[in-house]
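Visitor: got a sequence here, can you build the structure:
(one chain, ligands or ions: 1)
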Amino acid sequence: MHPAQRFREFALREARGNSPLYHRRALDIAADPDTLALIAALPPDKQQPNLILAAARVNGANTERYQEFREQFHANWPAIARTALTRRTQTNEAGRAASLLPVLAALPEPLSLIEVGASAGLCLYPDRFSYRYGHTGVDPEEGPSPVVLSCTTTGPVPIPARLPRVVYRAGVDLNPLDAADSRDRDWLAALVWPGQEDRVSRLRAACAIAAADPPEVVAGDLIEKVTGLVAAAPRNSTVVVFHSAVLTYLSPEARTEFRSTVRALPCHWISQEGPAVLPWLTGQLPERDSCAARLVVALDEVPLAYAGPHGQSLDWFGVG
Ligand SMILES: C[S@@+](CC[C@H](N)C(=O)[O-])C[C@H]1O[C@@H](n2cnc3c(N)ncnc32)[C@H](O)[C@@H]1O
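Guide: Predicted structure coming up:
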């Protein structure tokens with residue numbers, strides 16, 4: 001797809017309603033042949049608007065007015081291109097723990113958590129965050145966490161009375177990020193869209209939690225690594241393999257291969273992906289609520305709820 005079309009679609013389908021600045025900026029880029037020519041020289045998988053806009057931000061092209069942005073973008077293009085070529089879109093959203101927690105907390109303790117496509121592994125700490133499900137709060141035993149996740153709910157969400165005990169956390173990513181590394185943290189912050197500053201402070205607070213007690217996130221492909229990760233988990237625990245916003249990056253064949261690999265392992269499997277990503281779940285979804293922008297939370301291939309893309313809402317199935 002030509003970059004002009006990619007930026008236009010990004011503006012209209014993703015940024016509109018979520019980030020006014022990115023909405024405008026992507027439309028401006030889509031109509032700017034000189035800027036498009038720079039982007040078009042990158043390999044196709046490096047022309048993603050989300051990647052280019054984040055690479056621009058960490059390299060000083062971040063003013064609001066398009067004309068100034070454009071000057072900065074062209075002046076700093078060598079550095080922006082280098083960042084786009086070496087980095088990936090690896091948005092790590094700790095908020096997704098809010099939509100995972102009710103599923104995790106219903107499993108027998110203690111838990112061993114294995115996240116595939118973990119990025120910096122921030123979703124591996126569901127026991128260290130505070131939650132606000134409407135008016136119901138759940139906090140760590142020691143007291144409220146610096147990371148407070150607010151989540152609106154509908155339906156019979158099984159909000160736990162306390163957080164589950166986690167004895168093991170591990171993960172895999174093609175390119176694990178290190179929450180203790182300031183360059184990785186800055187890259188993760190640049191991936192959060194302008195206008196969503198509350199997500200940036202949450203991200204930085206979650207990074208501090210992960211940096212103080214780093215998870216074991218190995219580099220590699222999730223299909224190749226998941227079996228070894230499950231085998232390494234303590235035997236006297238409930239092993240849970242989970243992922244959020246990850247399988248969309250796999251081909252349909254690879255998704256099917258991951259499915260048969262994980263189903264053959266002695267573990268539970270929690271998926272949190274877009275409705276079209278795991279087609280074998282689609283037929284089980286309540287049709288009237290179908291919504292492409294939300295994620296489907298499923299345990300062992302049984303869909304339980306729709307979640308907001310950043311865990312900001314949880315609509316549990318089973319009534320009405
Ligand atoms: C959008 S991020 C989501 C990160 C995290 N799961 C979250 O919800 O915040 C997707 C992550 O999946 C990783 N990924 C994509 N394909 C992968 C694969 N085949 N094997 C391992 N990791 C993969 C990417 O590197 C990236 O860090």
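Visitor: and for the nearest residue to Ala298 once chain neighbours are set aside, the neighbour number?
Guide: Residue nearest to Ala298 in three dimensions, not counting chain neighbours: Ser271, with 4.9 Å by C-beta to C-beta, 6 or more residues apart in numbering. The way it works is simple: take the backbone N, C-alpha and C, and place the C-beta from them, glycine included. Summarising burial for Ser271: neighbours were counted as other C-beta atoms under 10 Å, giving 26.
Visitor: now for this structure, the helix or strand with the poorest mean pLDDT.
Guide: Lowest on mean pLDDT, DSSP states H and E among the helices and strands of the chain sits helix 279-282, with a mean of 89.
Visitor: how about it: buried residues?
Guide: Leu281 (16 or more other C-beta atoms under 10 Å).
Visitor: centre of the chain to it, how far?
Guide: On the basis of C-alpha atoms, centre = their mean, to the nearest Å, helix 279-282 sits 20 Å off its chain's mean C-alpha point.
Visitor: could you do stretch 194-205 as well?
Guide: Centroid displacement of stretch 194-205 relative to its chain, using C-alpha atoms, centre = their mean, is 14 Å.
Visitor: can you tell me how far Gly195 is from the ligand?
Guide: To the ligand, Gly195 is 19 Å away according to C-beta to the nearest ligand atom, to the nearest Å.
Visitor: quick one: that residue and Asn18, what's the gap?
Guide: Distance check for Gly195 against Asn18: by C-beta to C-beta, to the nearest Å, it reads 8 Å.
Visitor: one more: Asp173?
Guide: From Asp173 to Asn18 the distance is 25 Å (C-beta to C-beta).
Visitor: out of the two, which sits in the busier spot?
Guide: Higher neighbour count among Asp173 and Asn18: Asp173, with 24 against 13, using other C-beta under 10 Å.
Visitor: in this structure the more buried one contacts Glu216, no?
Guide: No - with contact defined as C-beta atoms under 8 Å, Asp173 does not reach Glu216; the gap is 11.6 Å.
Visitor: the residue in the stretch 1-150 of the chain that the ligand sits nearest to: neighbour count?
Guide: Of all residues in the stretch 1-150 of the chain, Gly117 sits closest to the ligand, at 3.0 Å by C-beta to the nearest ligand atom. For Gly117, the tally of surrounding residues (other C-beta under 10 Å) stands at 21.
Visitor: need the overlap of contacts for Gly195 and Asn18.
Guide: Residues touching both Gly195 and Asn18 by C-beta atoms under 8 Å, 6 or more residues apart in numbering: none at all.
Visitor: re the thing from before, distance of the residue nearest to the residue of the stretch 1-150 of the chain closest to the ligand when sequence neighbours are not counted from the ligand?
Guide: For Gly117, ignoring the flanking residues on the chain, the nearest one in space by C-beta to C-beta, 6+ apart is Val246 at 2.9 Å. Separation of Val246 from the ligand (C-beta to the nearest ligand atom): 4 Å.
Visitor: much appreciated, bye for now.
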